[in-house]
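Student: Return atomic coordinates for the entry below.
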Amino acid sequence: MEFGLLQVFELKNLLMMAAGILIGLFTGVTPGLTISMGMIIVLPLTFGLPPLSALSMLIGLYQAGMSGGAISAILLNIPGTPAAAATALDGSPLARRGEPERAILTACTASFMGGLIGLFFLVLVAPLLAHIALKFGPVEQFSLILIGITLIAGLSRGAMLKGCISAVLGFMLATIGMDPMVATPRLTFGSLALMSGLSWLPIMIGGFAIPEVLRGIKSVKSEITRPIRSMQIFKRMGLIDLKRIWKSILSGGLVGTGVGFLPGANAPVAVFLAYEIARRRSKNSQEFGKGAVEGIAAPEAANNAVVGGAMIPLLTLGIPGDTVTAILLSAFTIQGFSPGPLFFFQQTDLIHAIFLIILLSNVLNFLTICTLSSLLAWVAYIPKSIIMPVITVFCVVGTFLVRNSFMDVYLMVGAGLAAYLMARFGFPFIPLILAMILGPQLETNFRLSLILSGGNPFVFITSPVSAIILVFGFLLLFGTLTRGFGRNLGFK
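Tutor: Take a look at the predicted model:
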């Protein structure tokens with residue numbers, strides 16, 4: 001299938017991008033909703049869409065969701081997303097001083113510039129990394145996937161042991177069904193329904209959405225009902241602010257790109273790191289926490305730069321670094337693509353189209369926030385008693401429509417309840433779903449490595465590249481473990 005850059009500008013693709021941005025802003029502004037939940041709700045709707053339309057919608061949602069949380073953080077001091085908590089530190093005081101327009105436009109500008117910085121490094125670094133990864137054989141690919149999942153399991157939420165247990169459970173679930181190499185049933189217990197294996201899509205939908213719904217039901221009484229005062233959103237930001245914040249935007253963009261590239265790291269890590277760096281480097285550090293524009297610009301730039309950084313390992317290695325890129329990996333799989341080194345060179349036109357989609361969605365996101373920010377802020381006051389049932393209906397209908405199977409609906413509900421219990425006991429869900437998605441690739445590369453080496457179990461350490469990957473990954477894990485043995489094992 002050929003993809004041209006001009007196809008990105010087709011009306012249907014631009015409309016899908018605009019729809020994704022509006023949904024992303026909705027989930028970003030609304031406290032309790034997350035970008036991953038918005039992606040999960042939209043994912044089943046992309047099944048019948050062409051690849052460019054589906055990717056335009058999801059990438060637009062990703063971009064807008066990352067910056068939408070700043071709206072409620074500034075106007076209400078209620079971060080719409082965890083990453084927006086850093087923006088609230090200075091955004092809310094500046095709004096309370098009577099300058100909400102200045103705070104909003106500072107956040108919009110920083111988000112836009114941060115997104116461009118992340119895209120620049122994506123275009124610059126991704127081809128180089130893909131060239132290196134193209135030389136990987138089954139041995140190297142096995143080591144890379146293993147370390148990627150292990151890092152996510154070990155670094156997520158600071159609970160290494162529990163994260164690894166979650167990943168092992170995901171691998172076990174991935175083995176249910178027909179053996180990929182010899183076509184014999186495994187762990188099916190005679191059930192025809194399990195012969196095709198467990199679909200990871202219902203598990204992903206239930207695992208991310210149902211726990212949020214249950215938590216929303218528990219806190220339904222803590223709804224906010226006070227009105228929002230009107231704003232003059234087009235009040236222009238002065239040149240003095242631009243001179244003050246450009247260094248914070250640059251440093252925040254670099255931090256966001258770097259953190260987004262690392263497996264297991266995420267936007268909350270990037271924004272607070274960028275905020276602290278900006279505070280330490282600023283000549284006006286005493287103003288931070290009281291309404292400093294640098295304190296808004298740095299985390300917002302880092303927030304959107306994470307998008308470009310997280311796309312680098314996804315497109316070049318086929319390894320998602322966080323929840324959202326795991327869902328994007330699912331979208332690629334649904335459209336019949338497998339991100340990785342070969343994908344990067346075999347689908348060059350699509351890669352270039354994705355770069356353009358990221359750029360256009362960043363621009364359109366900037367214009368949309370500047371235009372609709374005061375209206376979007378009202379979303380924060382929609383009662384959870386209305387939002388949560390709507391989300392549940394979307395999840396059930398979307399899961400059923402995938403294969404017209406009630407079995408998938410039961411699987412989705414069961415996965416949601418299991419994920420809720422896992423969260424209660426500190427077991428992260430992300431390693432489980434990533435292990436389910438990448439498990440078949442890991443198993444296939446492992447078995448191919450043994451076949452090609454004549455059954456040599458030491459092939460993974462005799463290959464120089466594989467040995468370097470394994471040593472580097474386990475050194476990172478060891479360093480994380482030694483910084484707090486009990487905490488990283490998941491015990492207090």
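
Student: Report the buried residues of stretch 417-433.
Tutor: 418-420, 422-423, 427-433 (16 or more other Cβ atoms under 10 Å). C-beta coordinates here come from the backbone N, C-alpha and C atoms, glycine included.

Student: Give the buried residues for the helix or strand harbouring Ile117.
Tutor: Assessed by DSSP states H and E, Ile117 sits inside helix 100-133. Buried residues in helix 100-133, counted by 16+ other Cβ under 10 Å: 100-119, 121-123, 125-126, 129-130, 133.

Student: centre of the chain versus it, how much separation?
Tutor: 15 Å (Cα atoms, centre = their mean, to the nearest Å).

Student: next one: stretch 391-410
Tutor: For stretch 391-410, the distance to the chain centre is 23 Å (Cα atoms, centre = their mean).

Student: Spit out the contact partners of the residue nearest to Asn13 when sequence neighbours are not counted.
Tutor: Spatial nearest neighbour of Asn13, chain neighbours left out: Ser56 (4.7 Å); criterion: Cβ to Cβ, 6 or more residues apart in numbering. Neighbouring residues of Ser56 by Cβ atoms under 8 Å, 6 or more residues apart in numbering: 8, 13-14, 16-17, 20, 357, 361.

Student: can you confirm Ser56 is in a helix?
Tutor: Yes. Counting by DSSP: H, G, I helix; E, B strand; the rest coil, one finds Ser56 located in a helix.

Student: and it, what pLDDT?
Tutor: The per-residue pLDDT reported for Ser56 equals 91.

Student: From Val29, how far off is it?
Tutor: Applying Cβ to Cβ, to the nearest Å, one obtains 21 Å for the distance of Ser56 from Val29.

Student: And Met178, its phi and psi?
Tutor: phi -80, psi 140 (degrees, to the nearest 10).

Student: Now do the same contact list for it.
Tutor: Here Met178 is in contact with 184-186, 195-197 (Cβ under 8 Å, 6+ apart).

Student: Quick check: the two most widely separated of those residues?
Tutor: Farthest apart among these by Cβ to Cβ are Thr184 and Ser196. That separation is 13.9 Å.

Student: Neighbour count for the two, which is higher?
Tutor: Ser196 (12 against 8; other Cβ atoms under 10 Å).

Student: and that one, helix, strand or coil?
Tutor: coil.

Student: Would you check that my belief about it contacting Gly177 is correct?
Tutor: Yes. Taking contacts as Cβ atoms under 8 Å, Ser196 lies within contact range of Gly177: 5.8 Å.

Student: so of the buried residues of stretch 417-433, which ones are in helices?
Tutor: Residues of the buried residues of stretch 417-433 located in helices (DSSP state H): 418-420, 422-423, 430-433.

Student: now, which of those residues sits nearest Ala310?
Tutor: Ranked by distance to Ala310 (Cβ to Cβ), these are led by Ile430 at 13.2 Å.

Student: For Ala126, see how far away the closest one is.
Tutor: 23 Å.

Student: Check Ala88 too.
Tutor: Counting by Cβ to Cβ - Ala88 and Ala126 are separated by 33 Å.

Student: Ok, Ile469 next?
Tutor: In this view, Ile469 and Ala126 are 19 Å apart by Cβ to Cβ.

Student: Equivalent analysis for Ala297, please.
Tutor: 26 Å.

Student: before we move on, back to that, same for the helix holding Ile117, what does it pack against?
Tutor: helix 51-76, helix 85-96, helix 239-261, helix 293-317, helix 341-346, helix 348-376 (3 or more Cβ pairs under 8 Å, 6 or more residues apart in numbering; DSSP states H and E).

Student: Relative to Leu438, which of those helices is closest?
Tutor: Once these are compared by Cβ to Cβ, helix 293-317 is nearest, at 10.7 Å.

Student: ok, then the element right after the closest one?
Tutor: helix 323-334.

Student: what's that next one in contact with?
Tutor: 35-36, 39-40, 43, 46-47, 54-55, 58-59, 62, 65, 200-201, 204, 208, 266, 310-311, 313-314, 318, 320, 338-339, 430, 433-434, 437.

Student: ranges for the helices of the stretch 151-300 of the chain?
Tutor: Remark: helices assigned in the stretch 151-300 of the chain by DSSP state H, counting those that start in this stretch are 160-174, 200-218, 239-261, 267-281, 293-317.

Student: which of those sits most buried?
Tutor: When the helices of the stretch 151-300 of the chain are scored by mean count of other Cβ atoms under 10 Å, the highest mean neighbour count falls to helix 293-317 (a mean of 31).

Student: what is the orientation angle of that helix with helix 85-96?
Tutor: Counting by axes from the mean of the first three to the mean of the last three Cα atoms, to 10 degrees, helix 293-317 points 150 degrees away from the direction of helix 85-96.
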